[in-house]
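# Pasting the sequence and the predicted coordinates here, then a few questions.
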Amino acid sequence: MILDGKMVAQEERKKLCTLITSYQEMGLRAPKLAIVLVGHNPASETYVSNKMKACHEVGIEVDKLAFEEDITEQELLNVIHQLNTDSSVDGFIVQLPLPEHIRESMVLTEIDYRKDVDGLTPMSMGRSIQGLRAIPSATPAGIRTLLEYYHIQTAGKHVVVIGRSNIVGKPMAIMLMQRPYLSLPSMSASTLGDATVTVCHSKTDHLEAICRTADIIIVAAGCPGLVKANMVQPGATVIDVGINRIEDPSTPRGYRLVGDVDFEHVAPIAGAISPVPGGVGPMTIVSLLKNVVVVYGGKLLGAKVGEE
Ligand code: NAD
């Protein structure tokens, strides 16, 4: 079974669009996202324009705040503080990576976690660990939606997460090991959770053997072809988060995108597998949109993140 993230994301976008239209028919304002972009990193510019396009499609208002590479850390923190208190903005993100002279940890720490629609601040992560309501990180939340859509159960299963980054590996592992995850007041409880989780990384010994014991493998390593057929037990679910550019002179752009899984050889063995592109990528963007709408909806209901 191919886990078609493109199709599931499209369905999720339709649902969001219907919801936002119904708010507007009630005379309410549109939800609003702000995106902070520093410098001219081409990949970041592409990600931001994709996010803006996705917002427009569902009816989320979006403001791009673009700054030159030489903005100081303090100037950027001032922008964050303004966004934290701007009541017209429901949520905002700072597109990463930031230039080297700006400490990413400092910037993330200053974002009000109640507006942290990327779910990346220490407060959001800490609250998630403790099982408190928090805005979920977009990529793990997207994987959650994908697994739920295809009725793939995690309770009692052995899930191997490869990668321990703050944006994918760690929050994914937390989400999976929790009791079925409650994120925000207006979201229904998820069926994802209650898994037995092993987190592997670049220093893990016997990665192959560990993977062979997995019911579900989620790989976010940035390493093309890392998960091979001999690492996957028949029928296992394989979620490929990796996005790697490899040279391919036969394509118009001179490169193509591949994941971290040797798709050709793993797909015949796996019970379910997400492709790259068209798997986790589209789910990540739609999760960001959902986070914005959920924060906005929570405000309408008077039930904000952080008010248990
Ligand atoms: P990262 O570089 O911060 O972390 C990579 C992790 O993989 C590290 O913890 C490292 O220990 C581990 N790792 C690296 N090589 C390994 C190996 N050979 N064996 C075992 N573990 C290994 O990366 P990240 O930000 O988490 O992103 C990982 C990949 O996922 C990248 O390709 C990135 O582009 C992609 N990504 C995709 C999405 C999406 O929406 N599809 C979102 C975020 C990241």
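Alright, I've got the coordinates. Numbers count the residues shown, from 1 in each chain.

# can you give me the helices for the stretch 1-150 of the chain?
Secondary structure of the stretch 1-150 of the chain by DSSP state H, counting those that start in this stretch: the helices cover 5-25, 42-58, 73-85, 104-110, 122-129, 138-149.

# which one of those is the most hemmed in?
Sort the helices of the stretch 1-150 of the chain by mean neighbour count, taking mean count of other Cβ atoms under 10 Å, and helix 138-149 sits at the top with a mean of 24. C-beta coordinates here come from the backbone N, C-alpha and C atoms, glycine included.

# Against which helices or strands is it packed?
With contacts taken as 3 or more Cβ pairs under 8 Å, 6 or more residues apart in numbering; DSSP states H and E, helix 138-149 sits against helix 5-25, helix 169-177, strand 237-240, helix 280-300.

# can you rerun that using 6 Å?
helix 5-25, helix 169-177, helix 280-300 (3 or more Cβ pairs under 6 Å, 6 or more residues apart in numbering; DSSP states H and E).

# between the helix or strand following the second one and helix 169-177, how big is the angle?
The element immediately downstream of helix 169-177 (helix or strand, assigned by DSSP states H and E) is strand 196-200. For strand 196-200 and helix 169-177, the angle between their directions (axes from the mean of the first three to the mean of the last three Cα atoms, to 10 degrees) works out to 170 degrees.

# hey, C-alpha coordinates of strand 196-200 in CSV?
In CSV, the C-alpha atoms belonging to strand 196-200 read as follows (Å, rounded to 0.1, in the frame of the first residue of the first chain):
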residue,chain,number,x,y,z
THR,A,196,7.1,1.1,22.1
VAL,A,197,9.7,3.4,20.5
THR,A,198,13.3,2.9,19.7
VAL,A,199,15.2,6.0,18.6
CYS,A,200,18.3,5.4,16.4
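
# Quick one: residues contacting T284.
The contact partners of T284, by Cβ atoms under 6 Å, 6 or more residues apart in numbering, come to A138, T139, G142.

# measure it to V241 for me?
To V241, T284 is 9 Å away according to Cβ to Cβ, to the nearest Å.

# any idea how far I135 lies from I162?
Counting by Cβ to Cβ, the gap from I135 to I162 is 25 Å.

# Between the two, point out the one with more neighbours.
When I135 and I162 are compared for neighbours, I135 comes out ahead with 32 against 28, by other Cβ atoms under 10 Å.

# Tell me, how many residues neighbour V241?
31.

# Next, the nearest residue to it once chain neighbours are set aside: phi, psi?
Leaving aside its sequence neighbours, V241 sits nearest to A220 (Cβ to Cβ, 6 or more residues apart in numbering; 3.7 Å). Dihedral pair for A220: phi -140, psi 70, per degrees, to the nearest 10.

# where does the stretch 151-300 of the chain dip in pLDDT?
181-189, 300 (pLDDT under 70).

# for the ligand, what are the nearby residues on it?
Within reach of the ligand by Cβ under 6 Å from any ligand atom, the stretch 151-300 of the chain has these residues: 162-165, 167-169, 200-202, 204, 207, 220-223, 226, 241-244, 280-281, 284.

# Filter those down to the buried ones, PyMOL style.
Filtering these down to the buried ones (16 or more other Cβ atoms under 10 Å) takes a single PyMOL command:
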select buried, resi 162+163+164+167+168+169+200+207+220+221+226+241+242+243+244+280+281+284
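
# Enumerate every residue touching I162.
C200, V219, A221.

# Could you rerun that using 8 Å?
I162 makes contact with 169, 200-201, 207, 211, 217-221, 226-227, 260 under the criterion Cβ atoms under 8 Å, 6 or more residues apart in numbering.

# how close does V295 sit to I93?
Plainly put, V295 is 12 Å away from I93 if you go by Cβ to Cβ.

# picking up where we left off before, how about the contacts of T284 in a markdown table, adding pLDDT and distance to T46?
Shown next, in a markdown table, are these (pLDDT from 0 to 100; distance: Cβ to Cβ, whole Å):
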| residue | pLDDT | distance to T46 |
| --- | --- | --- |
| A138 | 95 | 16 |
| T139 | 96 | 17 |
| G142 | 96 | 18 |
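
# From G235, how far out is the most centrally placed residue in the chain?
In the chain, the residue lying closest to the centroid (Cα atoms, centre = their mean) is T139, at 1.7 Å. T139 sits 25 Å away from G235 when distances are taken as Cβ to Cβ.

# do the same with A9
25 Å.

# and what of S202?
Distance from S202 to G235, by Cβ to Cβ: 28 Å.
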